[in-house]
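Peer 1: Pasting the sequence and the predicted coordinates here, then a few questions.
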Amino acid sequence: MTADTQARTEQVIDGSELLARVASLTPLIEENAGRSEAMGTLAPEVVAALRQAGLFRLWSAAEVGGYDINLADQLEILVAVARADMSACWSLMIGASSSAVMAGRLPDEGIARLFGDGLWPTAASSLTPSGRARRCAGGYRVSGRWGFGSGIRHAQGAMANCLVEDAEAVAAGGDGPRQISAFVPIDEVEILDDWNVGGLCGSGSNSYVIDDVFVPDCFIGILRPLTVLRGGARAAILHLRLPIEHGAVALGGARRALDEVTLQAAGKRRLTETRTVADTQLFQVELGRMEAQFAGLMAGARAAAAAFDAALPGPEPEMIDAAAHMRAVCAHVTEACQTIVTRCLRVAGAGAIMPGNPLERLQRDMTVAAQHYMIGDSSYEALGRLRLGIAQ
C-alpha cells in the first residue's frame, strides 16, 4: 500500500472516537505503569496498544493517513492517557510529534519508504540543533549527540536536528538549507544508557549519538528556511502547538492524584484516629478546594487550545498572540498541577510515600515533567513582552 492509497482509505476520526480508544486501553496502561518505570521505557504491550489504536497519528498530515485533529481534542486525549500513566503520555506526545514532523516535511520518496508499508513510524527527537550536517552527493553526513530522546527504545529511528556546516556560505549565496532535521534509522543510532532519573522513568528519554552517518535527501526535512510539503498551516506551526502537550501531561497527572487520594482516603485511618481521612472536615474542604482548582485549570487549558485553533490559519499577529497566551497558560497549569499532586500526597498520609503507591510515582513524575523548557519561566516572559509591546 502506498502512502497515497493509505491516505485515501483512512477514515475521518473525531475526538470522541479517539477518547473511546484511550478508555479501552487505560487498564492495560495502568497495569504496566510500574513495569514501564522499572524497564526505563514503555512496556512493549503498551507501545503495541498505542500503535494499534492509531494514537501516534494524532496530529500528522491527513495526506499520509494522519488524523490531524485539532488542539482542543488533543488536550482531552492526552489528559486521559496521562491519567493512566504520565510516562505513557509523554512517550505518546513525542512519538506523535515526530511523526507529524516527518509527515509534513520529508520528500515524497521518504514518505513512501516510512509510511507506505502500514507501519506508522515514530522517532525520538530533540528540538535542540545539537548536530552538524555536511552536504555530500545525494544527502548529508550527520554527526552529533542529542539529549532527552523520549521513546527511543521503541522508535524506528531518531530525528537529528542539525546546523548545516557551510551555513554561512549558503546564506551568503541565498540558496540551500541552513538547518535540517534528518531521520536516521535506529540501527544507525547509538542509544546511551543515561536515563537514570527520579521521574518519568518509563518515557525512556535516553540521549543518543549519531556518528558520521549518511542520510539521503529523502530523509531530510528542511527547518531553515522552513519547508512544509504537507499538512498546510497546522504543520507549519507545529512547534507552537507543543505547550498544550506538556500542560495535558500535568493535568492528567493531577486528575489521577485527585482520584487516588479520594479512593485512599475512604479506607485510611491515621495513627489513633477512629474516623477515616475521608470522614474528616479538613479533608473534605481540601478535596473540594483542589477539585475546584483543577476544574479551573482544565477550563483555562481548553479555552487556550480553542483560541489557538480559532487563530489558525489567521493573521500572523493573532497567531503569535494565541500561541504566547497558550504557552503561558500551560506553564501556569503545570505549576498548579504540581502543587495539587504535592497536596494530595500530604493529605494521603505516610503510606503514600511507599513504593508502589501511585501518589508516590505521580509526585516524582510531576517534578520531572515540570522541568521542561517549553513551560518554564520564559513562557511568562514571552507573554509579558507581547502585552508590553516589546519586540520578541
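Peer 2: Arrived safely. Predicted model only: the values in this text are computed from it and were never measured. Residues are numbered from 1 along each chain as shown.
Peer 1: use CA for all of it now, contacts and neighbours both
Peer 2: Noted.
Peer 1: by contact count, what packs against the host helix or strand of residue 260?
Peer 2: Of the helices and strands defined by DSSP states H and E, residue 260 is found in helix 238-265. On a contact count with 3 or more CA pairs under 8 Å, 6 or more residues apart in numbering; DSSP states H and E, helix 238-265 meets helix 71-84, helix 86-105, helix 281-311, helix 316-348, helix 358-369.
Peer 1: how about a cut-off of 6 Å?
Peer 2: Contacts defined by 3 or more CA pairs under 6 Å, 6 or more residues apart in numbering; DSSP states H and E place helix 238-265 against helix 71-84, helix 316-348.
Peer 1: Pull the residues that contact stretch 144-159.
Peer 2: Stretch 144-159 is contacted from outside by 91, 122-125, 130-131, 182-186, 203-210, using CA atoms under 6 Å, 6 or more residues apart in numbering.
Peer 1: again, 7 Å this time
Peer 2: Residues from elsewhere that reach stretch 144-159, judged by CA atoms under 7 Å, 6 or more residues apart in numbering: 41, 91, 94-95, 121-126, 130-132, 181-186, 203-211.
Peer 1: pLDDT averaged over it, what's the number?
Peer 2: Model confidence over stretch 144-159, given as mean pLDDT, is 97.
Peer 1: now the contacts of stretch 144-159: which count as buried?
Peer 2: Among the contacts of stretch 144-159, those classed as buried by 16 or more other CA atoms under 10 Å are 41, 91, 94-95, 121-126, 131-132, 181-184, 186, 203-210.
Peer 1: Any stretches of the stretch 101-250 of the chain with poor pLDDT?
Peer 2: Applying pLDDT under 70 to the stretch 101-250 of the chain picks out residues 167-175.
Peer 1: did I read that right, residue 144 in a strand?
Peer 2: Yes: Residue 144 sits within a strand when classified using DSSP: H, G, I helix; E, B strand; the rest coil.
Peer 1: any idea how far it lies from residue 133?
Peer 2: Separation of residue 144 from residue 133 (CA to CA, to the nearest Å): 9 Å.
Peer 1: on that earlier part again, tell me the buried residues in the helix holding residue 260?
Peer 2: By 16+ other CA under 10 Å, the buried positions in helix 238-265 come out as 238, 240-258, 260-262, 264-265.
Peer 1: Could you tell me how many residues sit around the residue nearest to residue 313 when sequence neighbours are not counted?
Peer 2: Distance criterion CA to CA, 6 or more residues apart in numbering; nearest residue to residue 313, sequence neighbours excluded, is residue 233 at 6.0 Å. Residue 233 has 12 neighbouring residues, counting by other CA atoms under 10 Å.
Peer 1: Who are the packing partners of whichever helix or strand residue 384 is part of?
Peer 2: Secondary structure from DSSP H and E places residue 384 in helix 377-388. For helix 377-388, the packing partners by 3 or more CA pairs under 7 Å, 6 or more residues apart in numbering; DSSP states H and E come out as helix 316-348.
Peer 1: average pLDDT across the helix it packs on?
Peer 2: Helix 316-348 comes out at a mean pLDDT of 96.
Peer 1: Could you give the separation of that helix from the chain centroid?
Peer 2: Helix 316-348 has its C-alpha centroid displaced from the chain centroid by 15 Å (CA atoms, centre = their mean, to the nearest Å).
Peer 1: Run the angle between it and helix 238-265 for me.
Peer 2: On the basis of axes from the mean of the first three to the mean of the last three CA atoms, to 10 degrees, helix 316-348 is oriented at 20 degrees to helix 238-265.
Peer 1: So which bits of helix 316-348 are buried?
Peer 2: 318-345, 347-348.
Peer 1: Give me the helices and strands touching it, please.
Peer 2: Going by 3+ CA pairs under 7 Å, 6+ apart, helix 316-348 lies up against helix 238-265, helix 281-311, helix 358-369, helix 377-388.
Peer 1: thinking residue 66 is in contact with residue 56, fair?
Peer 2: No: using CA atoms under 7 Å, residue 66 makes no contact with residue 56, being 8.6 Å away.
Peer 1: And for stretch 252-271, what's in contact with it?
Peer 2: 79-80, 82-83, 86, 275-278, 337, 340-341, 344, 348, 359, 362.
Peer 1: redo that, cut-off 8 Å
Peer 2: 78-86, 275-279, 287, 290-291, 294, 337-338, 340-341, 344-345, 347-349, 358-359, 362, 366 (CA atoms under 8 Å, 6 or more residues apart in numbering).
Peer 1: looking at this, residue 42 is in a strand?
Peer 2: No: using three-state DSSP, the assignment for residue 42 is coil, not a strand.
Peer 1: ok, back up a step: with distance to residue 35 added, can I get the helices and strands packed on helix 238-265 in a markdown table?
Peer 2: Listed next are the helices and strands packed on helix 238-265 as a markdown table, based on distance: least, CA to CA, whole Å:
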| stretch | distance to residue 35 |
| --- | --- |
| helix 71-84 | 13 |
| helix 316-348 | 22 |
